[in-house]
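Novice: Predicted model follows, preceded by the sequence.
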Amino acid sequence: MPAFGLADNHPRRNVRLDTLVRLRWLAVIGQSTAVLVVYVGLDFELPIWACLAVIALSAWLNIALRLRFHLTQRLEPDRAAWLLAFDIAELAVLIFLTGGLQNPFAFLFLGPVLLSATALPPRFTIMLGAFAVACATVLVFVHYPLPWDDDDPLKLPPIYMMGVWLSILLAIGFIGVYAWQITEESRQLADALAATELVLTREQHLSQLDGLAAAAAHELGTPLSTISVIAKELENAIPADAPHGEDVRLLRSQATRCRDILAKLTELSSSGEPFDRTPLTSLIEEVVAPHRDFGVAIGVSVPDDRAAEPVGARNPAILYGLGNLLENAVDFAHERVDVVARWDDETIEVAISDDGPGFAPDILDRIGEPYVTSRRRKPGNDDGEPTGLGLGFFIAKTLLERSGATLNFANRAPPYRGAIVTLRWNRSEFERLLSFAPT
């Protein structure tokens, strides 16, 4: 890490180095022009070489920053605050050499504080504001004479100087707070718009998949019916103890399962009519039942206090989402899948865990996005077949989030292995919203 801490660890509260460098060059040009105009143009006496030396120090810092760092990178807030504090100190020295608070340019103390209010966390703005006020306070009492005509010297009364000091203090406080509030509201609006765009994008993806599901249900209905008929005829024609009898029965059962899945897809887009209310354990058992005969043990754990069990709607979106997550766990489990339900007066939680290889670490943070394949293959499965399009988790996650659930995907902590998916609902929302219609 460079000395000035160039990083992107604070994306919402930092400032580009290029911004500070450009503003400082503008200040260098303005300060040099003002000093030379007063000294040469107006023929006022002032410590010109001391003033130019201070300005040159600021220019030297700019050159050093440009040579040392990439200007497109962003400064950490504390490092940016140090640079802004240097700007306040440099301005204070110039004001000290040119009349103190009698110099009308003393109000430029507001500049670095205002920049901090719009770009840095509030604590740094408060510290810079306090530093600027401290410098202004010292300059009330300690400063060089104001450059002026020796034949008609300017003498400002002390009460006026106190008014100037107070006005600088109020300007730093009021304008700093106002700039911070406006900038914070803009950030919140930008965050809200970004979140809205993300939701709309996900809804658009899901709407497109709804159309594909309807088309698939229509197109696959006829060939699945044909497969079921032929499988049934083969099952009747082949003796029960024939070598391929078990394979034919499995083929028929899987064809029936495909038809059931297509039927569920059509239920997902049904009208918002009320569904039957069902206890949470019955909902879980309905999801688990179709997956018990695949050579993987499925354990279901629920609290003993069934009297306080939450009761919601038999929502097809919930059934499909939980079923997809459970099917994924069964597909990748070695021996066992556990479904654990917990509830209290505030929340409902369902956790689905397996003892498989777990989620691939490189895509763990992106699970639930479309076309992201979420799981690694089982050991020994090297036949080259793809593990999926990465749409299953996307559809399940979107449907479950529509019902008010929040999902968390993780790998089990050592010494255990496998993946764990945790779903959490607000109990009042689960029982109130889902008892009327799917969301």
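Specialist: Structure received.

Novice: how about residue 409, phi and psi?
Specialist: Per-residue torsions, residue 409: phi -110, psi 130 (degrees, to the nearest 10).

Novice: That one contacts residue 361, doesn't it?
Specialist: No. Assessed by CB atoms under 8 Å, residue 409 is found out of contact with residue 361, at 11.6 Å. Where C-beta positions appear, they are placed from N, C-alpha and C, glycine not excepted.

Novice: So between the two, which is more surrounded?
Specialist: Just comparing residue 409 and residue 361: by other CB atoms under 10 Å the higher neighbour count belongs to residue 409, 19 against 9.

Novice: Look up how far residue 131 lies from the nearest residue to that one once chain neighbours are set aside.
Specialist: Distance criterion CB to CB, 6 or more residues apart in numbering; nearest residue to residue 409, sequence neighbours excluded, is residue 367 at 4.6 Å. Distance, residue 367 to residue 131, by CB to CB, to the nearest Å: 47 Å.

Novice: quick one, which of those two is more surrounded?
Specialist: residue 367 (22 against 19).

Novice: Thought residue 360 was touching that one, still the case?
Specialist: No. In this structure, residue 367 is not within contact of residue 360 by CB under 8 Å, at 9.3 Å.

Novice: Could you pull out the strands in the stretch 251-400 of the chain for me?
Specialist: Secondary structure of the stretch 251-400 of the chain by DSSP state E, counting those that start in this stretch: the strands cover 277-279, 297-301, 311-313, 336-343, 347-354.

Novice: Can you name every helix or strand that the third one contacts?
Specialist: Using 3 or more CB pairs under 8 Å, 6 or more residues apart in numbering; DSSP states H and E, the elements in contact with strand 311-313 are strand 277-279, helix 280-288, helix 427-433.

Novice: likewise the fourth one?
Specialist: In this structure, strand 336-343 makes packing contacts with helix 280-288, strand 297-301, helix 316-332, strand 347-354, judged by 3+ CB pairs under 8 Å, 6+ apart.

Novice: Apply 10 Å and report the result again.
Specialist: helix 280-288, strand 297-301, helix 316-332, strand 347-354, strand 419-426 (3 or more CB pairs under 10 Å, 6 or more residues apart in numbering; DSSP states H and E).

Novice: Who are the packing partners of the fourth one?
Specialist: This means strand 347-354. helix 280-288, strand 297-301, helix 316-332, strand 336-343, strand 406-411, strand 419-426, helix 427-433.

Novice: who touches residue 246 in this structure?
Specialist: 238, 240 (CB atoms under 10 Å, 6 or more residues apart in numbering).

Novice: so it sits in a strand?
Specialist: No. Under DSSP: H, G, I helix; E, B strand; the rest coil, residue 246 sits outside any strand and is assigned helix.

Novice: hang on, the earlier thing: doesn't residue 361 make contact with the residue nearest to residue 409?
Specialist: No. Using CB atoms under 10 Å, residue 367 is not in contact with residue 361; the gap is 11.2 Å.

Novice: how near is residue 153 to residue 44?
Specialist: 12 Å.

Novice: shared neighbours of the two, anything?
Specialist: residue 146.

Novice: Wasn't residue 417 part of a helix?
Specialist: No. Per three-state DSSP, residue 417 lies outside any helix segment and is coil.

Novice: What's the local residue count around it?
Specialist: 14.

Novice: what separates it from residue 352, distance-wise?
Specialist: 15 Å.

Novice: who's in contact with stretch 41-49?
Specialist: 33, 35-40, 53-54, 56, 96-99, 144-150.

Novice: Distance from the chain centre to it, please.
Specialist: 55 Å (CA atoms, centre = their mean, to the nearest Å).
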